[in-house]
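S.K.: Fold the following and give me the result.
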Amino acid sequence: MRISTQSFYNTSTNQLNNLQSALSRTQMQLSTDRRLLTPADDPVASARALEVTQSQNINAQFATNRSSAKSSMGHVESALQSAGDLLQEIQELAVEAGNGIMLPADREKLATELEGRLTDLLGVANTSDGVGGYLFSGFKTTTQPFTATANGAAYQGDSGVRQLQVSDSRKVPLSASGSTVFESIPTGNGVFTTKADATNKGAAIISSGSVVNRPGLDNTKYEIEFGMSADTPPVPTYSVYNTSNDPRTVLPDQQDLPYKEGQQIAFGGMAMDIKGVPTAGDKFSVEPSQKQSVFTTVTDLIKTLRSPTDGSTGKAALTNQLNSALDNLKNAHDNVLTVQASVGAHMNELDYLDMAGLDLDIQYAGTLDDLQGLDTVKAISDFSQQQLTLQAAQMSFKTMSGLSLFNVI
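M.R.: Just a heads-up that it's a prediction; the model follows:
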C-alpha cells in the first residue's frame, strides 16, 4: 500500500490536533470544575441549568430585598418604641395632674412639661427613613407627615403603605401610614364616649362605661339630663334622651328615674355610672366613638390643665376631662403597640423567609451540580490517558516522518 507524503502529513496533523483539542477540553473542565463548557456539550442539561441559574439569581435578589425590608422595619420599630414610651410618660403626667392637692401653679408646670412631650412626639412622627424620606408619610415619602397647628397637628401624607416583594408570593410593608399610627385613634372606651357638658354646675363625674349588650348597640347619640323631684325634700332624678332625633326624645322607662350615686345606668346596650352630686340641668352626652388624632388629645389635655378649677364644679370638670384624656391616651398607646406588634410579626416572617431562601439556594446549587458538575476523578484519569496518547502520537509522528529514501541513497 502506497501512502503519499502529503496524505501522511495531513492525516497525522489532523490526528494530533484532535488529540490536543480533547486534552485542552479536559484541562478546561478540570480548571472550571464544570462538565458543560458550551451548550453544545448537552443542550437539554444546558437549558435546564439556565432556568435553575435564573431562579437562583431571583432568590438572591429576594434575599437582598429582605435585608432592605429589615432595615426599613427596624427604623419603624425604633420610632414606634419611642412613640410608645412618650405616650406612657404623658399618661403618667395626666394621672399626676388628677391629684386633688395640686395647685394651679403645679398644673401649669405639668402643662409646660406636656408641651415638651408633644414636641417630642411630633418629632417622632416626622422621623426620617435615613434615605431622604419620612417613615410615616405613606406614598408621599418626601413630604413631612405632620405640621404643628393650634389644635395639635395636621397630617400632610396619605394612607398608602409602601411594600416590597420578599418572595415569590409575599410582599411586606416597609412602613406604616401616619394616619394609622397617630390619627385614627378611637375616643372613649373604643365603642362609645361619655362626656360632661361644659355648662354643668354640679360636681358629678361620669365613668367611661362599658358594653353590656353588643347586639343592642347602634349609632344613636344619647344625653343624660338631671332634674329634681317634687318630693320633700327633693332628690336628684335623671332622664335619658335620644339626641339623634330632632327634636330629642326621651327613652321609654328612662324618664325621671331616681339618681343614686355610683348606681349603674344602662340603655342602648351600654352601661356607665355617675358619682358625685349633680344639679338640675346638668347634662352628660353618650355618643359613638369617633376617630381623633393623638396630637389633638395631648393639646386638649394641656388646655385642660390650664383651665380654672374653682370649687367643686371646677374640680369635677377637671376630673371628667382628665378621665376622657386618659381613655384617649390609652387608646393611642394601645394603637401604637398594635402597629409595633405587626411590624415585629413581619420581621419574624422575614427571618423565616430567609431560612427558606437558604434552603432553596442549597437545592439550586445541588441541581446545578447534577447538571454541570464534573466527575473529578474520571476527568483526571481521562486527562492522564489523553496526555499519554498525545505523547505517543507525537513520538510516532516524529519517527514515521523521519523515514525517507534519501536516508539510504
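S.K.: what's the domain layout of the protein?
M.R.: The chain breaks down into these domains under automatic domain parsing: 39-187+291-395, 192-289.
S.K.: residue ranges with poor pLDDT in the stretch 251-400 of the chain?
M.R.: For the stretch 251-400 of the chain, the stretches flagged by pLDDT under 70 are 368-379, 382-383, 386, 390-394, 396-400.
S.K.: could you pull out the helices for it?
M.R.: Secondary structure of the stretch 251-400 of the chain, counting by DSSP state H, counting those that start in this stretch: helices at 294-305, 311-372, 376-401.
S.K.: Let me know which of those helices is the nearest to Asp85.
M.R.: Asp85 lies closest, by Cβ to Cβ, to one member of the helices of the stretch 251-400 of the chain: helix 311-372, at 9.7 Å. Every residue, glycine included, has its C-beta placed from N, CA and C.
S.K.: From the chain's centroid, how far away is that closest one?
M.R.: 6 Å (Cα atoms, centre = their mean, to the nearest Å).
S.K.: One more: stretch 49-56?
M.R.: On Cα atoms, centre = their mean, the centre of stretch 49-56 falls 32 Å from the chain's centre.
S.K.: Please put the alpha-carbon coordinates of that stretch into PDB.
M.R.: C-alpha atoms of stretch 49-56 as PDB (Å, rounded to 0.1, in the frame of the first residue of the first chain):
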ATOM      1  CA  ALA A  49     -29.100  24.800  34.000                       C
ATOM      2  CA  LEU A  50     -30.000  28.200  32.600                       C
ATOM      3  CA  GLU A  51     -33.500  28.000  34.200                       C
ATOM      4  CA  VAL A  52     -32.100  27.000  37.600                       C
ATOM      5  CA  THR A  53     -29.500  29.800  37.400                       C
ATOM      6  CA  GLN A  54     -32.200  32.300  36.800                       C
ATOM      7  CA  SER A  55     -34.200  31.000  39.700                       C
ATOM      8  CA  GLN A  56     -31.100  31.200  41.900                       C
END
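S.K.: buried sites along that stretch?
M.R.: Within stretch 49-56, the residues that qualify as buried are Ala49, Val52, Ser55, Gln56, counting by 16 or more other Cβ atoms under 10 Å.
S.K.: picking that back up, among the helices of the stretch 251-400 of the chain, which comes closest to Thr64?
M.R.: helix 311-372 (10.3 Å).
S.K.: picking up where we left off before, out of the helices of the stretch 251-400 of the chain, deepest packed?
M.R.: Most buried of the helices of the stretch 251-400 of the chain by mean neighbour count (mean count of other Cβ atoms under 10 Å) is helix 294-305; its value is a mean of 22.
S.K.: now that one, how far from the centre of its chain.
M.R.: Distance, centroid of helix 294-305 to centroid of chain: 27 Å (Cα atoms, centre = their mean).
S.K.: which helices and strands does it pack with?
M.R.: If you count contacts as 3 or more Cβ pairs under 8 Å, 6 or more residues apart in numbering; DSSP states H and E, helix 294-305 packs onto helix 43-97, helix 104-125, strand 152-155, helix 311-372.
S.K.: Run the angle between it and helix 311-372 for me.
M.R.: Orientation check (axes from the mean of the first three to the mean of the last three Cα atoms, to 10 degrees): helix 294-305 against helix 311-372 gives 160 degrees.
S.K.: Dump the C-alpha coordinates for helix 294-305 into PDB.
M.R.: Extracted C-alpha coordinates of helix 294-305, given in PDB (Å, rounded to 0.1, in the frame of the first residue of the first chain):
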ATOM      1  CA  VAL A 294     -53.300  61.800  69.400                       C
ATOM      2  CA  PHE A 295     -51.900  65.300  69.000                       C
ATOM      3  CA  THR A 296     -55.400  66.700  69.500                       C
ATOM      4  CA  THR A 297     -55.700  64.600  72.600                       C
ATOM      5  CA  VAL A 298     -52.500  65.900  74.100                       C
ATOM      6  CA  THR A 299     -53.300  69.500  73.100                       C
ATOM      7  CA  ASP A 300     -56.700  69.300  74.700                       C
ATOM      8  CA  LEU A 301     -55.100  67.900  77.900                       C
ATOM      9  CA  ILE A 302     -52.700  70.900  78.000                       C
ATOM     10  CA  LYS A 303     -55.700  73.200  77.700                       C
ATOM     11  CA  THR A 304     -57.500  71.300  80.500                       C
ATOM     12  CA  LEU A 305     -54.600  71.700  82.900                       C
END
